[in-house]
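Q: Compute the structure for the input listed below.
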Amino acid sequence: MTSCLKESMVFRVIFITFFFCLLVAPSIAELQRFKHNQKANRPLNFLVIGDWGRKGTYNQTLVAKQMGILGEKQDIDFVINVGDNFYEDGLTGVDDPAFYESFVNIYTAPSLQKTWYSVLGNHDYRGVVEAQLSPILREKDSRWVCLRSFILNAGIVEFFFVDTTPFKDDYFDDPEDHTYDWNGVIPREAYLSNLLKDVDSALAQSDATWKIVVGHHTIKTAGHHGNTVELEEQLLPILKANNVDAYINGHDHCLEHIVDSESGIHYLTSGGGSKAWRGDIKPWKPEELKLYYDGQGFMSVQITKNKADIVFYDVFGKVLHTSSIPKDLNPAA
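A: Coordinates of the predicted model:
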């Protein structure tokens, strides 16, 4: 075999391998964007709920009722849903009745007939992931918007929704007798690398007054699951480098507000949509832990150019905690 022929064959092998990798390696390419046309001279109002999908049990219906009452009072723009949408094991398909039993037939208040921007939780990954991502569900209920990762532009605020479940090593190394649907994620290393690059790039290019990242898993928490080490190591440096104002999550079944004393990032947990964990709290710096409530409830946020007002409510609509985050519009002055 001549030298030229050998080189030609090697080139073909390299080309075919490269082309095959392009086909099989999951690539976010560019995060899909949604736009909310915010009315001029009006604050942005939204609710945050997570860890809810239990067909109305564990006080899910009571939380939904209070969300409806407050949603009408504040004339909310949309709902942010931070995952674990259908317990225990996600949806079996687009025709799974749980979509109606845990979502459509529960959040019936007129004020909640707004778009629900949703991410997946670890329990959702135990079912058929593509079912929750399918446009068929949006045909069944136009409120439902669920993607792995995406961006929501709402004028002065830009939200970066991040698929956090594939970051957790335990779900791959020690699945605890659970089966996870990793279609669209494997090979994992490429998936996470692309995702981190896209989030970093999108945050760096954003000129929004407020930058908020949304995910299911905790980064910092005094709750049951503890800090997600993989997110601390891989995602948190990106949040810090791009001056993110807040990280909103669920996963821990509680309501919680932590302000990092070094970075100033606000960690807001709203995982009280149904089942809660009583008395399950770890030690935390008292100067950072502004709220830890081990019961059901939800969170409301109202944002203007100058400040973000955060309120946590319990299952009866009682205010548990309020906080106002100021925005310095002239940081260099």
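
Q: where does the stretch 1-150 of the chain dip in pLDDT?
A: Screening the stretch 1-150 of the chain residue by residue with the criterion pLDDT under 70, one finds the ranges 1-29.

Q: Where do the strands of the stretch 151-300 of the chain begin and end?
A: Counting by DSSP state E, counting those that start in this stretch, the stretch 151-300 of the chain forms strands over residues 157-161, 210-214, 246-249, 255-259, 266-270, 289-293, 297-303, given from the N-terminal end onward.

Q: Wait, a strand at V48?
A: Yes: counting by DSSP: H, G, I helix; E, B strand; the rest coil, one finds V48 located in a strand.

Q: would you turn the strands of the stretch 151-300 of the chain into JSON lines with mean neighbour count, mean pLDDT and distance to F167?
A: C-betas here are computed from N, CA, C, even on glycine. Listed next are the strands of the stretch 151-300 of the chain as JSON lines, based on neighbours: other CB atoms under 10 Å; pLDDT from 0 to 100; distance: least, CB to CB, whole Å:
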{"stretch": "strand 157-161", "mean neighbour count": "24", "mean pLDDT": "98", "distance to F167": "14"}
{"stretch": "strand 210-214", "mean neighbour count": "23", "mean pLDDT": "98", "distance to F167": "13"}
{"stretch": "strand 246-249", "mean neighbour count": "25", "mean pLDDT": "98", "distance to F167": "12"}
{"stretch": "strand 255-259", "mean neighbour count": "24", "mean pLDDT": "98", "distance to F167": "19"}
{"stretch": "strand 266-270", "mean neighbour count": "26", "mean pLDDT": "98", "distance to F167": "16"}
{"stretch": "strand 289-293", "mean neighbour count": "19", "mean pLDDT": "98", "distance to F167": "24"}
{"stretch": "strand 297-303", "mean neighbour count": "24", "mean pLDDT": "98", "distance to F167": "23"}
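
Q: Make a markdown table from these and add distance to I238 to it.
A: Shown next, in a markdown table, are these (distance: least, CB to CB, whole Å):
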| stretch | distance to I238 |
| --- | --- |
| strand 157-161 | 10 |
| strand 210-214 | 9 |
| strand 246-249 | 11 |
| strand 255-259 | 19 |
| strand 266-270 | 15 |
| strand 289-293 | 24 |
| strand 297-303 | 22 |
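
Q: What is the neighbour count of the residue nearest to V104 when sequence neighbours are not counted?
A: Residue nearest to V104 in three dimensions, not counting chain neighbours: D141, with 5.1 Å by CB to CB, 6 or more residues apart in numbering. Number of residues near D141 (other CB atoms under 10 Å) recorded here: 14.

Q: right, and D141 touches I106 too?
A: No: distance between D141 and I106: 11.4 Å, which falls outside the contact criterion (CB atoms under 8 Å).

Q: All the helices of the stretch 51-200 of the chain, residue numbers only.
A: Counting by DSSP state H, counting those that start in this stretch, one finds helices in the stretch 51-200 of the chain at the ranges 60-74, 98-99, 129-133, 135-140, 170-173, 188-205.

Q: which stretch among those comes nearest T221?
A: Shortest distance between T221 and the helices of the stretch 51-200 of the chain, using CB to CB, is found for helix 170-173: 16.1 Å.

Q: Kindly export that closest one (C-alpha atoms) in PDB.
A: Backbone C-alpha positions of helix 170-173 (Å, rounded to 0.1, in the frame of the first residue of the first chain) are rendered in PDB as follows:
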ATOM      1  CA  ASP A 170     -24.900   9.900  42.200                       C
ATOM      2  CA  TYR A 171     -27.600   9.500  39.600                       C
ATOM      3  CA  PHE A 172     -25.100   7.900  37.300                       C
ATOM      4  CA  ASP A 173     -22.800   6.100  39.800                       C
END
